[in-house]
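Visitor: I would like to see how this sequence folds:
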Amino acid sequence: MATPLSDTSLSPLKTIAVVGLGTMGTGITEVLARGGREVVGIDISEAAAAKSVATLEISTARAVERGRLTEQERADVLARVRTSTDLAAAAGADLVIEVAPESYEIKQQILRELDGIVRPGAILATGTNALSVTRLAADSAHPERVLGLHFFNPAPAMKLVEVVSCVLTAPQAVAAVTDLALELGKEPVAVGDRPGFVADGLLFGYLNQAAAMYEAKYASREDIDAAMRLGCGLPMGPLALLDLIGVDTARTVLEAMYAESRDRLHAPAPILKQLSEAGLTGRKAGRGFY
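Guide: You can find the predicted model right below:
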């Protein structure tokens, strides 16, 4: 018996559901809507869904002010987005992108439910940046249609999209989402399934070492950041970047990477746990390393 993805070529990915309307999910929704796609934003929280729509309204209004959208284009973008608190709203989607919290339990539950909701030819993409795509796919009824689609924050501004495939992924699913990323004006890179993939796999080890260096009082936060900005030509120092990403988010990503790799480079520096538990999570809290 043929797999759902092996009979015919995939239909164009025109209707896309985004599950999880936090910062990343909202950013991805904006990218898709501005790229001409019909988007169904889904979140179990009505408040999160409402906040996502409000954020999209503000962001597109700002784009009009800057001359990047006309008023009519803005109206069209907003009209292409609808929200729901019911996963069943993804039934007509060609592609579902889940950006739920970094938890196997949560993501596997969502993917299992989607197995019984979406049509056979739909693609299921996980937005994880640290968990195993292979493990998530293997738990699905149709693992060949599951892959990773990792956008970077803020999604409307960042060009990179990592397209993550594993041994279970159908090549035509990879080709379809790669084409989509290109049509959205992004730069897709094809990567295998390993903790952190390429960008975060390299970045978070570096950020972790910077936090450990600061914790050991080897150098001040300002001097650590200045060394990397002025000596390596980076636009932002590592401790300032941790504040931007969110100290708690960085800790979660490192913990997930360490659980998979057992590489000491990814064992979170104790200061990340201390700051997270104190609520000093960076810019979003008004205080972190700075």
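Visitor: which stretches of the stretch 151-290 of the chain form helices?
Guide: 171-183, 199-215, 221-232, 238-245, 247-261, 270-277 (DSSP state H, counting those that start in this stretch).
Visitor: Pull out the buried positions in the first one.
Guide: In terms of neighbour count (16 or more other CB atoms under 10 Å), helix 171-183 has its buried residues at Gln172, Ala173, Val174, Ala176, Val177, Thr178, Leu180, Ala181. C-beta here means a position set from N, CA and C on the backbone, and glycine is covered the same way.
Visitor: Thr29 contacts Gly41, correct?
Guide: Yes. Using CB atoms under 8 Å, Thr29 makes contact with Gly41 at a distance of 5.1 Å.
Visitor: what do these two both touch?
Guide: Common neighbours of Thr29 and Gly41 (criterion: CB atoms under 8 Å, 6 or more residues apart in numbering): Val18, Leu21, Ser52, Val81.
Visitor: Give me the subset of the residues you listed lying in strands.
Guide: Val18, Val81 (DSSP state E).
Visitor: Out of the shared contacts of Thr29 and Gly41, give me the one that has the most neighbours.
Guide: For the shared contacts of Thr29 and Gly41, the largest number of neighbours (other CB atoms under 10 Å) sits with Val18, at 32 neighbours.
Visitor: from memory it sits against Thr29, does it?
Guide: Yes. The criterion here is CB under 8 Å, and Val18 meets it with Thr29 at 5.1 Å.
Visitor: Now the common contact residues for these two.
Guide: Val39, Gly41.
Visitor: how far does stretch 258-273 stretch from start to finish?
Guide: Taking CA to CA, to the nearest Å, stretch 258-273 runs 14 Å from one end to the other.
Visitor: contacts for the helix or strand hosting Ala61?
Guide: Assigned by DSSP states H and E, Ala61 falls within helix 46-65. With CB under 8 Å, 6+ apart as the test, helix 46-65 has contacts from 21-22, 25-26, 29-30, 33-34, 41-43, 69-71, 74, 77-78, 81, 83-85, 156.
Visitor: Of these, keep whichever come out buried.
Guide: For the contacts of helix 46-65, buried by 16+ other CB under 10 Å: 21, 25-26, 29-30, 33-34, 41-43, 69, 74, 77, 81, 83-84, 156.
Visitor: Tell me the one of the buried residues of helix 171-183 nearest Val161?
Guide: Ala181 (4.5 Å; CB to CB).
Visitor: dump the residue contacts of the residue nearest to Gly205 when sequence neighbours are not counted.
Guide: Nearest non-adjacent residue to Gly205, counting by CB to CB, 6 or more residues apart in numbering: Leu265, 4.2 Å away. Listed by CB under 8 Å, 6+ apart, the contact set of Leu265 reads Gly205, Asn208, Gln209.
Visitor: Tell me the confidence at Leu265?
Guide: Looking at Leu265, its pLDDT reads 93.
Visitor: Now do it against Ser103, distance only.
Guide: Between Leu265 and Ser103 the computed distance is 23 Å (CB to CB, to the nearest Å).
Visitor: just Tyr218 next, same as before
Guide: 34 Å.
Visitor: out of these two, which sits in the busier spot?
Guide: Legend: neighbour count by other CB under 10 Å for Tyr218 and Ser103, higher for Ser103 (13 against 10).
Visitor: before we move on, the earlier item: max pairwise distance over the shared contacts of Thr29 and Gly41: which two?
Guide: Leu21 and Val81 (10.4 Å).
Visitor: Spit out the residues that contact these two alike.
Guide: If you check Leu21 and Val81 against CB under 8 Å, 6+ apart, the residues they both contact are Thr29, Gly41.
Visitor: For stretch 256-265, buried residues please.
Guide: Per 16+ other CB under 10 Å, stretch 256-265 contains these buried residues: Ala256, Met257, Tyr258, Glu260, Ser261.
Visitor: helices and strands of this protein: which one bottoms out on pLDDT?
Guide: helix 247-261 (a mean of 92; mean pLDDT, DSSP states H and E).
Visitor: avg pLDDT for stretch 49-60?
Guide: The model assigns stretch 49-60 a mean pLDDT of 97.
Visitor: Give the buried residues for it.
Guide: Ala49, Lys51, Ser52, Val53, Thr55, Leu56, Ser59, Thr60.
Visitor: Between those, which sits nearest Leu114?
Guide: Ala49 (17.9 Å).
Visitor: separation between that closest one and Ala89?
Guide: 11 Å.
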